[in-house]
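Enquirer: Okay, sequence plus prediction incoming.
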Amino acid sequence: MEYIIQFIQTPIRESSESLVIEKLENLGKKFDWIIRADVFFKEDKGTYGKGKICDIRLSVPGPRIFASSNEESFEAAV
């Protein structure tokens, strides 16, 4: 599986990046048909939600799978 991880208008955090790679590798072992994972970390300065957003888009045969989480830390959002 190929990983593309981007931090959008926020500093790069090695701990968040290594955690998401670990989780995606476990997912890839279980589901070997996953082609690629696009991961986006971003901060929301608004009042809605907790402010740390992690979006994950999985490319698989057929439709794409998308998940998003808004938590107090990027690690919790993963």
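Expert: Cool, the structure landed. Everything numeric here is computed off the predicted structure, so don't read it as measured data.

Enquirer: Now residue 35: closest residue in space, sequence neighbours ignored.
Expert: Spatially, and ignoring its direct neighbours in sequence, residue 35 is nearest to residue 59 (4.5 Å; Cβ to Cβ, 6 or more residues apart in numbering). Just so you know, the C-beta spots here come from the backbone N, C-alpha and C atoms, and that holds for glycine as well.

Enquirer: I'd say the one you found and residue 34 touch.
Expert: Yes - shown here, residue 59 and residue 34 form a contact pair, counting by Cβ atoms under 8 Å, at 7.4 Å.

Enquirer: is the residue nearest to residue 35 in a bridge, and if so with what?
Expert: For residue 59, the beta-bridge partners are residue 36 (DSSP bridges).

Enquirer: how close does it get to residue 65?
Expert: Distance of residue 59 to residue 65, given as Cβ to Cβ, to the nearest Å: 8 Å.

Enquirer: in which helix or strand would I find residue 41?
Expert: Residue 41 is part of strand 36-43 when elements are defined by DSSP states H and E.

Enquirer: which helices and strands does that strand pack with?
Expert: Contacts defined by 3 or more Cβ pairs under 8 Å, 6 or more residues apart in numbering; DSSP states H and E place strand 36-43 against strand 2-8, helix 14-30, strand 52-59.

Enquirer: out of these, which comes closest to residue 69?
Expert: Among the helices and strands packed on strand 36-43, the nearest to residue 69 by Cβ to Cβ is strand 52-59 (5.3 Å).
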